[in-house]
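In: Mind looking at a prediction? Sequence and model below.
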Amino acid sequence: MSTSPETTTNTEDRLISVISKWLGRHIGNDELRRRIGETGGEGLTATQAEAVEELARELDQVEPGQRGHVEMVARETVEVLALGE
């Protein structure tokens, strides 16, 4: 049985899915920020929650067309979420 990213109940998996969509340019900054806020930090370790909060802060500060640094932070966030640190 396949689980679609939209129906995944695991917080880490939902966040990895939405960040990956943003990295693939399927959603914009505002949508990523909104979805991060909706997901909340339930079930995340302190390190994971800190990484997600840093990504949210970077999204709030990014200038239009200047997403290179935020992409790096997003990739680091995905790594932290995937490793369960």
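Out: The structure has been received and is ready for your questions.
In: What is the neighbour count of the nearest residue to residue 56 once chain neighbours are set aside?
Out: Nearest non-adjacent residue to residue 56, counting by CB to CB, 6 or more residues apart in numbering: residue 36, 5.3 Å away. C-betas here are computed from N, CA, C, even on glycine. Residue 36: 21 surrounding residues under other CB atoms under 10 Å.
In: got the CA coordinates for the helix or strand containing residue 36 in CSV?
Out: Using DSSP states H and E, residue 36 sits in helix 29-39. Extracted C-alpha coordinates of helix 29-39, given in CSV (Å, rounded to 0.1, in the frame of the first residue of the first chain):
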residue,chain,number,x,y,z
ASN,A,29,8.0,30.6,-0.2
ASP,A,30,4.6,31.7,1.2
GLU,A,31,3.1,28.2,0.8
LEU,A,32,6.1,26.6,2.4
ARG,A,33,5.9,29.0,5.4
ARG,A,34,2.2,28.4,5.7
ARG,A,35,2.6,24.6,5.6
ILE,A,36,5.4,24.7,8.1
GLY,A,37,3.2,26.7,10.5
GLU,A,38,0.3,24.3,10.0
THR,A,39,2.4,21.2,10.7
